[in-house]
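Asker: Need a 3D model of the following:
(one chain, ligands or ions: 1)
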Amino acid sequence: MGRFKDKTVLITGASSGIGRALALDFAKEGAKVVVTARRKERLTQLAEEIESLGQSALAISCDVTSDEDLAQAVKQTNDAFGAIDVTIANAGFGVVGHAEQLTIDDYKRQFETNTYGVIRTYQATIQDLKQTRGRFVLVGSVAGYVCFPGTTPYAMSKAAVISFAQGIYHECRPHGVSVTLISPGFVDSEIRKVDNDGTYDETRKDTASAWLTMPTDVASRKIVRAIYKRKREAIITGHGKFLQSLSRHFPRITNWLISKAPDQTGHEGTEGPSPHSHNS
Ligand SMILES: NC(=O)c1ccc[n+]([C@@H]2O[C@H](COP(=O)([O-])OP(=O)(O)OC[C@H]3O[C@@H](n4cnc5c(N)ncnc54)[C@H](OP(=O)(O)O)[C@@H]3O)[C@@H](O)[C@H]2O)c1
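Answerer: Residues are numbered from 1 along each chain as shown. This is a model prediction of the structure:
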């Protein structure tokens, strides 16, 4: 389609899931794509896949918890493709567990990637985006609006991303740079197989309901459209839109719903009797 023909797009967390799908879709839209993450071998394969589509790609090892890695990624991008037109701060993972059992270090680790990683990505690329009157994209989550038991580190880190997006939207506006917040619900990816240290573990069970989970390519196409239209926010998935709206307009019903949901640590809801307590 060529909606991003010859534009330079840098994506963090492109070695799997949403970031990987976005890299392929932006290539199909004519962009020069810079794929970054920690697992370099996966990125190299992805770059080869993009080149086989006839597009330019660059694979750069970059941990978003490192200022130096991001500075280096931007320098290499500039040397290869010039200034960045679109930055997608997508890298993220989820720390799960009940707050009383987690440590402050668990929360810090979560924020280092999901929140400070987004801020670092913004600070490393904003000068380029001002030059190109480009687009800055943050991948948050519906979890930033609604926190389920067992997910406080993740939900808090994403709530902070929502606030950051709101603030920088106005800071960027005078410079012609758009800010788009992407808030996904369940999307097919590896995120639920990554442990609390941020390491992929293929033996872990994906806890998301299959019927609620949106295929990655469908989500990616919706995200590309939102970025193209410079939308302020796009909530990806029907259940995500429903939950976000419910929490805003009907907080008591939302609270009841949360009390009935199983938590991420495998326990039943936090309020009301569990099936086990009926039997005891
Ligand atoms: N899938 C969902 O249901 C869902 C829902 C709401 C929001 N999201 C958000 O969508 C984004 C993408 O996640 P996904 O679902 O596609 O999960 P995923 O398949 O696990 O992909 C996460 C990506 O982030 C990268 N990453 C993790 N830590 C990193 C770090 N310190 N530095 C650089 N890259 C890092 C991973 O690559 P390496 O391990 O190679 O570094 C991987 O490429 C995340 O921000 C996530 O919170 C996802």
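Asker: right, and the helix or strand after the helix ranked longest in the chain?
Answerer: Taking DSSP state H as the criterion, the chain has its longest helix at helix 152-172. Using DSSP states H and E, the helix or strand that follows helix 152-172 in sequence is strand 178-184.
Asker: by how many degrees do the helix or strand following that following strand and strand 178-184 diverge?
Answerer: Under the assignment DSSP H and E, the closest C-terminal helix or strand after strand 178-184 is helix 216-228. Going by axes from the mean of the first three to the mean of the last three Cα atoms, to 10 degrees, helix 216-228 is angled at 160 degrees with respect to strand 178-184.
Asker: What average pLDDT does helix 216-228 get?
Answerer: Averaging pLDDT along helix 216-228 gives 98.
Asker: which of the residues in that helix are buried?
Answerer: Residues of helix 216-228 classed as buried by neighbour count (16 or more other Cβ atoms under 10 Å): Thr216, Ala219, Ser220, Lys222, Ile223, Val224, Ala226, Ile227. Just so you know, the C-beta spots here come from the backbone N, C-alpha and C atoms, and that holds for glycine as well.
Asker: Extract the residue ranges of this protein that are flagged as low pLDDT.
Answerer: Applying pLDDT under 70 to the chain picks out residues 1, 264, 266-280.
Asker: What residues does it have near the ligand?
Answerer: Contact residues, the chain versus the ligand (Cβ under 6 Å from any ligand atom): 12-19, 37-39, 63-65, 90-93, 113, 139, 141, 184, 186-187, 189-191, 194, 198.
Asker: can you rerun that using 5 Å?
Answerer: Contact residues (Cβ under 5 Å from any ligand atom) of the chain with the ligand: 13, 15-18, 37-39, 63-65, 90-93, 113, 139, 141, 184, 186-187, 189-191.
Asker: Can you flag which of those belong to strands?
Answerer: Applying DSSP state E to those, the entries found in strands are Ala37, Val139, Pro184.
Asker: okay if I get those as TSV plus distance to Val177?
Answerer: Putting these into TSV (distance: Cβ to Cβ, whole Å) gives the following:
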residue	distance to Val177
Ala37	24
Val139	17
Pro184	23
